[in-house]
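*Asks:* What shape does this take:
(6 chains)
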Protein chains: 6
Amino acid sequence: MFVHNKRLQYTVRVAEPNPALAAMLLEQFGGPDGELAAAMRYFTQGLSEEDPGRKDMLIDIATEELSHLEVIGSIIAMLNKGVKGDLAEGSLAEAEMFMALNAGGESHTHSLLYGGGPALINSAGVPWSAAYVDSRGERTADLRSNLAAESRAKIIYERLINITDDPGIKEALGFLMTREVAHQKSFEKALYSIEDNFPPGKLPGVERYANMYVNTSQGEGDMTGPWNDGEQWVRVDDLTEVMPSDDGDGSASVTLRASDTKNLAQLAARTASDPSSDPLTGVDLGAGPGSGRTTEKDFGGAKDVQDAKRQAAELTPPVK
Amino acid sequence: MFVHNKRLQYTVRVAEPNPALAAMLLEQFGGPDGELAAAMRYFTQGLSEEDPGRKDMLIDIATEELSHLEVIGSIIAMLNKGVKGDLAEGSLAEAEMFMALNAGGESHTHSLLYGGGPALINSAGVPWSAAYVDSRGERTADLRSNLAAESRAKIIYERLINITDDPGIKEALGFLMTREVAHQKSFEKALYSIEDNFPPGKLPGVERYANMYVNTSQGEGDMTGPWNDGEQWVRVDDLTEVMPSDDGDGSASVTLRASDTKNLAQLAARTASDPSSDPLTGVDLGAGPGSGRTTEKDFGGAKDVQDAKRQAAELTPPVK
Amino acid sequence: MFVHNKRLQYTVRVAEPNPALAAMLLEQFGGPDGELAAAMRYFTQGLSEEDPGRKDMLIDIATEELSHLEVIGSIIAMLNKGVKGDLAEGSLAEAEMFMALNAGGESHTHSLLYGGGPALINSAGVPWSAAYVDSRGERTADLRSNLAAESRAKIIYERLINITDDPGIKEALGFLMTREVAHQKSFEKALYSIEDNFPPGKLPGVERYANMYVNTSQGEGDMTGPWNDGEQWVRVDDLTEVMPSDDGDGSASVTLRASDTKNLAQLAARTASDPSSDPLTGVDLGAGPGSGRTTEKDFGGAKDVQDAKRQAAELTPPVK
Amino acid sequence: MFVHNKRLQYTVRVAEPNPALAAMLLEQFGGPDGELAAAMRYFTQGLSEEDPGRKDMLIDIATEELSHLEVIGSIIAMLNKGVKGDLAEGSLAEAEMFMALNAGGESHTHSLLYGGGPALINSAGVPWSAAYVDSRGERTADLRSNLAAESRAKIIYERLINITDDPGIKEALGFLMTREVAHQKSFEKALYSIEDNFPPGKLPGVERYANMYVNTSQGEGDMTGPWNDGEQWVRVDDLTEVMPSDDGDGSASVTLRASDTKNLAQLAARTASDPSSDPLTGVDLGAGPGSGRTTEKDFGGAKDVQDAKRQAAELTPPVK
Amino acid sequence: MFVHNKRLQYTVRVAEPNPALAAMLLEQFGGPDGELAAAMRYFTQGLSEEDPGRKDMLIDIATEELSHLEVIGSIIAMLNKGVKGDLAEGSLAEAEMFMALNAGGESHTHSLLYGGGPALINSAGVPWSAAYVDSRGERTADLRSNLAAESRAKIIYERLINITDDPGIKEALGFLMTREVAHQKSFEKALYSIEDNFPPGKLPGVERYANMYVNTSQGEGDMTGPWNDGEQWVRVDDLTEVMPSDDGDGSASVTLRASDTKNLAQLAARTASDPSSDPLTGVDLGAGPGSGRTTEKDFGGAKDVQDAKRQAAELTPPVK
Amino acid sequence: MFVHNKRLQYTVRVAEPNPALAAMLLEQFGGPDGELAAAMRYFTQGLSEEDPGRKDMLIDIATEELSHLEVIGSIIAMLNKGVKGDLAEGSLAEAEMFMALNAGGESHTHSLLYGGGPALINSAGVPWSAAYVDSRGERTADLRSNLAAESRAKIIYERLINITDDPGIKEALGFLMTREVAHQKSFEKALYSIEDNFPPGKLPGVERYANMYVNTSQGEGDMTGPWNDGEQWVRVDDLTEVMPSDDGDGSASVTLRASDTKNLAQLAARTASDPSSDPLTGVDLGAGPGSGRTTEKDFGGAKDVQDAKRQAAELTPPVK
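*Replies:* Alright, predicted model coming up:
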């Protein structure tokens, strides 16, 4: 059961209202890496956790994230106090109010709809979605998702710290950012104290595909590193070797019932695009007197790609 | 530039059509951990990568994931060949068609809308959303997101392998599952070959908050482990210590302009809920002759919580 | 700051696992009227509330809703314990597992993706969205939204109670349902203790439109009642009176700059659909030998609507 | 059946184009409280209504809301006439066009995608979603949702009126705002003319929980009022009384089959996080020479929370 | 199987960074008519295509669209290189960084969350959704969807070309725009080389409804043209003819079981809104001393619509 | 202004309740090609149309689509009458109610949330989204979108007709399907009566790219047809010709300010993945005693791809 104490986990001291900054801070209130996402991620995992230690940790951290949601939401509420009053009391002339709302960021649209209250949207106004929560019920995967989520949240806080010089906000964001670092450390400990945590789940992989690196992107810029080279890896540079990777012919097949075969033949015949036709089309009907309206001006009258390439050989190369 | 070869990366051999299974496989086609999510995650990272080795790796793997999207999509297309023909040709009597579509899973709804084609939806019919892609443009965070994503994808493949005994599908899924394992290994190598990869980003954390563990959830079941205990941690069990964690009073404040203060006072006065009133409400108007309609039957006539607890003491405890 | 106690607000005693029932209960975990929606609705309002009494009440109830989220989530976790183990350990043969997942409801798709953990989705698998939270920062509107939300939540619990005979679940759902009733009563008291709460906001309405009822839907079934008839209402049955309701001609106009006028004239000319033409169209190209393929069979060869109506006069009327 | 008359319900006279204002007005075209939401809310309720008087009223008001959608859409179309022509005819130099689109609000992005036409998005560009429609098929709940929706719509119109001094727009918005007031009055009459309308639905609540107020948020700022105090309420301040509220021990339990129990034990063992370990983690590998990079500078070298609090006692308190 | 070559399909030469322009270009990266939508539309169709020629064409074009996604993404990445470095290195003072992010468009919010990387969102920050992909598995419909999609994409590129004078970007966008034109031509050829492509599908329409045009919107502005007039059409101006269009009475009916009838009667009685009542409502309780607060000032004291119209007759008509 | 007549455009005669069928029909009520999408598509276009003939046509058809929304919604309401009564009155025993809701399709989840009323969701429960409406404000594109939309809607109706043998529903769906055919004809006439309608918009394409067909997908199955072959096309089979298509080197470049260059160099150095390292990774820490757990069993002990291929040569090829 949750209980609330009216004191915040970190004191919020805002120097002055600033709705444009508030709009950006929404990223950590209702954004994909924000505190609601964090709280719900750990809370849903905790509810179905079988391991008592992890269950305790997940609920501990989920609860703390709710307190962080309160801290960041309180900062936003303070930053919006001015615009909230203006909107509610209609205290500005219309043109002034219009300009105030257009002063920067997305504050106009958020204030209009939410009246200056902190809303569970990101800084672009997109409502928070539980699709941000990627718990899958397998803990060696979920713990990796958690440490990745903490890393992302740390970065967003870092960016926010870099755009405000209000010392009270900066300090509070510093607290929140650091707590993400601490939580990541906890999740790493919980992951690596599982004896056999890789690969996630129970099924083993198939040996000959587990160490294969397929160099699918080739050309100038091809590189090697420990991620695709060395004793650990079988690197495939000749891609025909993996077309397909197995012993088949790389096609897709299914065994059909006779009735299915008949249906599909009928469907194919009924809707065949005759390759030997040259039909009049809607485009032919529609192209006006200019007949498809293309222009040659940009490329000096080249008639086709090869021709254009010859012409282009004389041009100065771009600065890179 | 992308190029396509008509052979698949893995041969697809499906024993017989099965749209209900196809509906489940959609999880890895248009689901949050599916191949489109994987391909787009690495592709968008690769486009803005400054490190040449990682850029190469990200595009390599993105391209391979597109080939996996093709493999899983081809399996789904094969599984749906029967229903596709039936729908297109109207070859079944209505009642038969209705029953066929209601035979299991979500195949009915997917076939109805998509005609048996593989659609970029998950197994519940929710369209794929780029909100699944959590690239943030900071690579020590993004690489962690990538290895978490590979872990999740591995698990979903494992679950799918466990629900089909079609050997051709099982084998292809085994290939796809194992490639996720290999990709995770690559991302781990890329992450740990960054000399200083923790915490992500550039800003250091604040020391005294980086090692604090707040035991926010207390009661029977409190546990210790390396994630909250030991030399590394300052564990806070007395929560009043962190209400707040800083030197303030745990309140939220902002310095307002005089006009804001006046507006807010006016707003507060205009909309005050008078605590000393006892107003007639809509509920009072609406409660019918039964006056709010509550019942005592479930709890033996207890008048309040304390009374009910006394009564309950005699009941047999539930099996846990 | 939030704190958590490991005991639930209501004891959860589930008789036996039932993932299909769990899938339905998700409606109150991650559905639009579920406990997360309730908690976030009141929490976001509380953060920006100026009235001290309402602020206290909003946070009190928000916190309790989080505890309800925990109760309903715990029921779901218990109902899914069986399928969770099966999925994780791969303990069933494939065909059995496939059948188990297809046994009813949407449990298959939820288990596949979430592994049996409670997920923030509704019973159809749609992720929770903050678009469900309709706080607008004006409390006479927000309190009405709150009492409506409690009413909706009460109904969903009532429907869930009516589909399960597990006594432990029924009892817990009864508790949760009743708490919504109590919360609605609180919100009503808070609303009506605002002296002047209608209409919401500060701007008065325009008198002559405030009591007008426009009878826009006419024909058999037109009714009167206190909502459109009586001293309070000016009822408009002759709709030409409100085409328009004001003193104008019911058209839309704007004063344009000369350059805009010129642009728009040019645009109109360039893209005019010539009403005197009778162009060949894509449809004409595409209609095959059957020439548009229509059939007369359903309507006895009537050539047009009037003719068909004459023919139809002989048919037996449908049972209503 | 719907019929349309080319005259608007209210004459639209716009003084001059203003795409930034148009972008804000979208809130009532494609936003959550806009006219499409209103029309669809009442229309879907009307289709399944059993009570003839309410059915008539719901369709009357739904139809009028469609006419309002037309009025607000026409205002937006007029405000965008200039930018529409510029975009279509390419009549401005590129830099001018770029600046015009960046002149304020979100008009740039809306014009780019929708070409100046009114789009069913809110002022932040989020597409309208039927998730905004909260009809539940139980009329005492639905009517409360309706009156809340009218209240919200009234407020958004009020805010829009306060940001424009175009008299024609202001007047039309005043009409639309007032109609929401009138509609709310109709819905209230329809609700309270149901004899027994509280609580919604048919199932009674459980008596001892229907009057309980749980004071879950405690500390400075705790308040009483008619919503939590007085004869009607049993107020719980000692929260241990409701941990749990029932007669149990506040735990969650389920009776499992033996095979489930075995699976879960195996799962728990296989994935146990060993609490007595102190594993090397990814974080340990990744922390560079700076070893976790924290800084003491912000807090004067305090080693932990208690120490920092002592130091902090000397600092000046913030202005509140 | 997909393969990647490190050279782009079109060389990208960007004159200087410009995140506000980058934000707009996102429309063609992660917007509804962007390159991902195009690629996925044709790819999903290709996977389930039975006609060999179309299958080849669909995969050809899908693959090219992926290469376009790479081109447009690379332009965005170049335009964001400056802000990416600033964000990552924290190289600007806070106020400068804040101003840089607020310099125009939506760049602030995108950079904050995505760090300057190209993200799969549209220019308003809305994540790409597979709901944009409207493949239905019937090729005469799908090919029409494809040619429409190419038309839309062409227009968005045209608008983007009109807002930038960077010659390298302009040229690359010209290439991409023209390729949409070429693709539309291919799809038209494929459609019209199906002998019988209209109407889509197999079922014929009902003759008497296939040529009927219902003039549902009447009044000043009623027009005729080849779309509603001429030999081909039976035009219905007297709408009572189509209320209903069939031989029935235009009502909705169903044959119910006795138990259903009884339930519905009970439901109707239990929740009847008594039309003869005049209940006190929440609105009556809530209207403060101002009693509903309306004003007459805007309309010169008219008491009702008719009266106001009389008064209005003297006013000057608006400029149209 | 919209007006409503209580008679439907087509009489609805439903033989008996069937909530599973109702769930499928939702596709045309709240699905992507359903009647709301159609109505809103044409309505939003009509509001900003400059051509008087098209404006009239768009509003005519939009209005008729609203009447179709009413017809399909009424069918759904009739099909759900039984379950609505059961849910509201709680007239079945719990187990019966549970089974009734699990009888097929998605009816269970829809009834639970919407109480049997028609909801603006598709047959999978996904809420209608205005993202389905692809109006772009350029009419030669929009008209093509409209004719594609009508084609898609025709197909969905055809599929629905094929799954029900209720004659009243079949007949009403036949009417609705045929009206889509008629509407497509109108839109085609409006499109082709624009003299110069291709390519859409005003900017001409670049000649040498307008007729190029890039054969990006090669291998067995390569085909020619009028869409890629013949006088009209310059077909590119040697893909190096279009790497890039222009005169450049196929790279992406931008001219940076010195400060940007410095930042990026610093960023690259700080986060370089050292290609010459071979770091210990999280995976190395995590792989349990089984060391990565792969298995050879599926592929007979092959050590790598080449080896496996040799072994596989002996196996029987799959049936295709």
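*Asks:* can you pull up the bridge partners for A:F198?
*Replies:* F:A287 (DSSP bridges).
*Asks:* That one contacts A:T140, doesn't it?
*Replies:* Yes: at 7.1 Å, A:F198 counts as touching A:T140 under the criterion of CB atoms under 8 Å. Yep, even glycine has a C-beta here, placed from its N, CA and C like the rest.
*Asks:* May I ask which helix or strand of chain A has the lowest mean pLDDT?
*Replies:* In chain A, no helix or strand scores lower on mean pLDDT, DSSP states H and E than helix A:305-312, which sits at a mean of 48.
*Asks:* Tell me the residues on the stretch 101-250 of chain A that lie near chain F, please.
*Replies:* When proximity is defined as CB under 8 Å from any CB of the partner chain, the stretch 101-250 of chain A approaches chain F at A:140, A:191-192, A:194-199, A:204-208, A:210, A:212, A:223-227, A:230, A:234, A:236, A:241-242, A:245-249.
*Asks:* How are the helices of the stretch 151-300 of chain A distributed by residue range?
*Replies:* A:167-192, A:207-210, A:258-270, A:282-286 (DSSP state H, counting those that start in this stretch).
*Asks:* and among the ones you listed, the most buried is which?
*Replies:* helix A:167-192 (a mean of 25; mean count of other CB atoms under 10 Å in any protein chain shown).
*Asks:* rank the helices of the stretch 151-300 of chain A by pLDDT, which is bottom?
*Replies:* Here the helices of the stretch 151-300 of chain A differ in mean pLDDT, and the lowest is helix A:282-286 at a mean of 82.
*Asks:* rewinding a little: quick one, which of A:F198 and A:T140 is more surrounded?
*Replies:* Between A:F198 and A:T140, counted using other CB atoms under 10 Å in any protein chain shown, A:F198 has the larger neighbour count: 28 against 22.
*Asks:* A:G90 reaches C:L203, doesn't it?
*Replies:* Yes: assessed by CB under 8 Å, A:G90 is found in contact with C:L203 at 7.2 Å.
*Asks:* Touching both of these two, which residues are there?
*Replies:* Residues touching both A:G90 and C:L203 by CB atoms under 8 Å, 6 or more residues apart in numbering or on different chains: D:158, D:162.
*Asks:* by how many degrees do the helix or strand A:E64 falls within and helix A:167-192 diverge?
*Replies:* Using DSSP states H and E, A:E64 sits within helix A:52-79. If you take axes from the mean of the first three to the mean of the last three CA atoms, to 10 degrees, helix A:52-79 sits at 160 degrees to helix A:167-192.
*Asks:* The helix or strand following helix A:52-79 packs against which elements?
*Replies:* The C-terminal neighbour of helix A:52-79 among helices and strands, as given by DSSP H and E, is helix A:81-89. For helix A:81-89, the packing partners by 3 or more CB pairs under 8 Å, 6 or more residues apart in numbering or on different chains; DSSP states H and E come out as helix A:94-101, helix A:107-114, helix B:258-270.
*Asks:* what residues are up against A:V254?
*Replies:* B:13-17, B:78-79, B:81.
*Asks:* so where's chain A uncertain?
*Replies:* Applying pLDDT under 70 to chain A picks out residues A:103-106, A:287-320.
*Asks:* Nearest residue to the middle of it?
*Replies:* The residue lying closest to the centre of chain A (CA atoms, centre = their mean) is A:P32, at 7.5 Å.
*Asks:* Tell me who's in contact with the nearest residue to A:S111 once chain neighbours are set aside.
*Replies:* Distances taken as CB to CB, 6 or more residues apart in numbering or on different chains put A:V83 closest to A:S111, at 5.1 Å, once the chain neighbours are dropped. Applying CB under 8 Å, 6+ apart, one finds that A:V83 lies in contact with A:17, A:19, A:100-101, A:107, A:111, A:116.
*Asks:* of all the residues you listed, which comes closest to chain B?
*Replies:* A:P17 (6.4 Å; CB to the nearest CB).
*Asks:* for the closest one, phi and psi?
*Replies:* A:P17 has phi and psi values of phi -60, psi 150 when expressed as degrees, to the nearest 10.
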